[in-house]
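1. This is the structure alone, sequence omitted:
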């Protein structure tokens, strides 16, 4: 990237696994006109809250976007925790079908942002002055076409992420994004404004890579809280490494933080919302404190197969030919191969939050229902990918939820005997 930048050119990361590029580029150009991420400066900011946002790299890699990134985006976890999804918005021209799919299927907890720099991947500090303005104008045009609010900005030269950086200032003056996530492996939760653009660190591990595990996410958030003055809000953006455990890491960290005794203080937001909160804070200060009514944590319940706790969620007709595998004491699971199935009934009052996380293996279809008759599919695996986890929001999938829901597990391929094996079911509600 440095050598190409020295010549005033940009890199597109598209290796041999980016297949059928000429076919994808043959479709009509598409731009996002519907999804808007507003810029504000008058948000309520709580003195005692910890605001957390997540970005998922590597939006510069075309092959990754059409393979691993796509599998993350289609995960059942998407839509539960706010995530900024870094994509190559240049797909407007070279792969409009994929870009359209990302934008049109985004939920209110998804932000489609720009990965690594702009229209192409460069190192701004090594880019010739004579070419940089042209690059910035092309990037601004692309951002305006797709209503891009946030961008991940990389520049591997010392001092590039300070508010005095010449190249960063030039970038903001021309492109004028709402939010800039700086780097990919920063070790402090710095933030500042240049003009009305908010810049904040993308925290990772030891200046070498983004976070890859739940514990790394938790450690970065705790460190950021420890570096914040008492009585002031904490703002922290976590970069999730593309090649780690992916969005599963996000949901596991989210669950652990909310389950803490002070879990009520954590608020999860999108990158553009993080920028709006920081801008409001730097402009107006923190103007609110949490009331006692707001200081309430979600209740978290877990049950496992073949236990007294599981029996609380069974009912007449709940099971058809499922069985329990107890061959490994630390991996007991209820499984349903071929035409077998089983159903749990959960009775819980929830108005603000009701999410379910299931640890399982095998190939499966998971459905939920309010009446044990009309079903909504929430997760599916057509091949056995080994041990994994799925998560979903019940309130999002079942409008007008009235206090009871059913979860049904069945085999997605009734011919080969590799159906779902469920290790545990966890639900959180508030």
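-> Now that the structure is in, tell me what you want to look at. Because the structure is predicted, anything quoted here is derived from the model rather than measured.
2. Roughly how far does the nearest residue to residue 12 once chain neighbours are set aside sit from residue 199?
-> What sits nearest to residue 12 in space, not counting adjacent residues and going by CB to CB, 6 or more residues apart in numbering, is residue 120, at 5.7 Å. Where C-beta positions appear, they are placed from N, C-alpha and C, glycine not excepted. Distance of residue 120 to residue 199, computed by CB to CB, to the nearest Å: 21 Å.
3. coming back round to it: for the residue nearest to residue 12, give its distance to residue 350.
-> 46 Å.
4. mind listing the strands for the stretch 301-430 of the chain?
-> Ranges of strands in the stretch 301-430 of the chain, per DSSP state E, counting those that start in this stretch, are 319-320, 323-325, 333-335, 341-347, 354-361, 364-369, 375-381, 388-393, 404-410, 421-429.
5. Among these, single out whichever gets nearest to residue 139.
-> The stretch from these with the least distance to residue 139 (CB to CB) is strand 388-393; that distance is 34.9 Å.
6. how big is the angle separating the closest one from strand 421-429?
-> 30 degrees (axes from the mean of the first three to the mean of the last three CA atoms, to 10 degrees).
7. Most remote residue from the middle of this structure, which is it?
-> Most distant residue from the mean C-alpha position of the chain: residue 316, 38.6 Å away (CA atoms, centre = their mean).
8. how about that one, what does it touch?
-> Applying CB atoms under 8 Å, 6 or more residues apart in numbering to residue 316 gives no contacts.
9. which residue ends up closest to the midpoint of this structure in space?
-> residue 83 (3.0 Å).
10. Verify the stated contact: it with residue 56.
-> Yes - assessed by CB atoms under 8 Å, residue 83 is found in contact with residue 56 at 5.9 Å.
11. Need the residues touching each of those two.
-> Shared contacts of residue 83 and residue 56, defined by CB under 8 Å, 6+ apart, comprise 240, 247.
12. which residues sit in contact with residue 116?
-> Shown in contact with residue 116 (CB under 8 Å, 6+ apart): 57, 58, 59, 60, 86, 152, 154.
13. How about it: what's its closest non-neighbour residue?
-> Closest residue to residue 116 apart from its sequence neighbours, by CB to CB, 6+ apart: residue 60 at 3.9 Å.
14. so what's that neighbour scoring on pLDDT?
-> Residue 60 is assigned a predicted lDDT (pLDDT) of 79.
15. what's the neighbour count on it?
-> By other CB atoms under 10 Å, 27 other residues sit near residue 60.
16. next one: the one 4 residues further on
-> Burial measure for residue 64: 23 neighbouring residues, criterion other CB under 10 Å.
17. That one reaches residue 58, doesn't it?
-> Yes - the criterion here is CB under 8 Å, and residue 64 meets it with residue 58 at 5.7 Å.
18. Find the residues that touch each one of these two.
-> Common contacts of residue 64 and residue 58 (CB under 8 Å, 6+ apart): 13, 242.
19. re the thing from before, compare residue 120 and residue 199 (neighbour count), which wins?
-> The residue with more neighbours, out of residue 120 and residue 199, is residue 199; 23 against 20, by other CB under 10 Å.
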